[in-house]
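In: Have a look; sequence and predicted model below, questions after that.
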Amino acid sequence: MRSDNRLSRMLHVLLHMAEQDAPLTSETIGKMLNTNPVVVRRMMSGLRERGYVQSEKGHGGGWVLTRPLSELSLLDVYQALGEPPIFALGLDQSEPKCLVEQAVNAGLEGAMAESRRLLLERFATIRMDQLARDFQERLKLHPHCTER
């Protein structure tokens, strides 16, 4: 099963955007993520709707941050992306009348709901500027690194 990596990819993009003095085009971001610019625009739309980024058309246009990283949490970005699935695990619903299936699903649902709640609480405590500082510290340790 494929994992949904939209959150990590968007966090990556936002950190790059914060490092730039000029807007980043969907094409540039698409090359960075090895994806189509249309996919970039789709991912950025939720962030734009919440006022975290804006896009400017025309020559010199592209995507820019509209808020400081200190005002954005991982939870904000996660929600702006439409709250992608956290777990690849799912519940079997093939035999809903089966008492074994009901017991298994009840056990899994509780554990998954609690795990999701804890993870989202943690996302709310992590600000984007913390990630940016971590990046800067890593860069100091590897000043010749070209992978940014």
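Out: Arrived safely, thanks for sending. What you are looking at is a predicted structure, and each value in this text was computed from that prediction instead of being measured.

In: bridging residues for Ser55?
Out: With DSSP bridges as the criterion, Ser55 is bridged to Trp63.

In: got the residue ranges for the strands in the chain?
Out: Assigned by DSSP state E, the chain shows strands spanning 53-56, 62-65.

In: wait, isn't Glu56 in contact with Pro23?
Out: Yes - contact status for Glu56 versus Pro23: in contact at 5.9 Å, counting by Cβ atoms under 8 Å. All C-beta atoms are positioned from the backbone trio N, CA, C, and that covers glycine.

In: shared neighbours, those two?
Out: Gly62, Val64 (Cβ atoms under 8 Å, 6 or more residues apart in numbering).

In: out of those two, which sits in the busier spot?
Out: Using other Cβ atoms under 10 Å as the criterion, Glu56 and Pro23 rank with Pro23 on top: 17 against 12.

In: can you tell me which residues contact the more buried one?
Out: Contacts of Pro23 (Cβ under 8 Å, 6+ apart): Ser55, Glu56, Gly60, Gly61, Gly62, Trp63, Val64.

In: For the last one, which non-adjacent residue is closest in space?
Out: Put plainly, it is Val64. What sits nearest to Val64 in space, not counting adjacent residues and going by Cβ to Cβ, 6 or more residues apart in numbering, is Pro23, at 4.8 Å.

In: Can you tell me how far the one you found is from Arg122?
Out: Look at Pro23 and Arg122: by Cβ to Cβ, to the nearest Å, they are 31 Å apart.

In: next one: Phe135
Out: 19 Å.

In: For the two, indicate the residue with more neighbours.
Out: Set Phe135 next to Arg122 and count neighbours by other Cβ under 10 Å: Phe135 wins out with 16 against 12.

In: That one contacts Leu15, correct?
Out: Yes - between Phe135 and Leu15 there is a contact under Cβ under 8 Å: 6.0 Å.

In: on that earlier part again, phi, psi of the residue nearest to Val64?
Out: Backbone geometry at Pro23, expressed as degrees, to the nearest 10, gives phi -60, psi 150.

In: For Val38, see how far away it is.
Out: 18 Å.

In: cool, and Gly51?
Out: 22 Å.

In: biggest helix in this structure by residues?
Out: Ranked by residue count, the top helix of the chain under DSSP state H comes out as helix 99-125.
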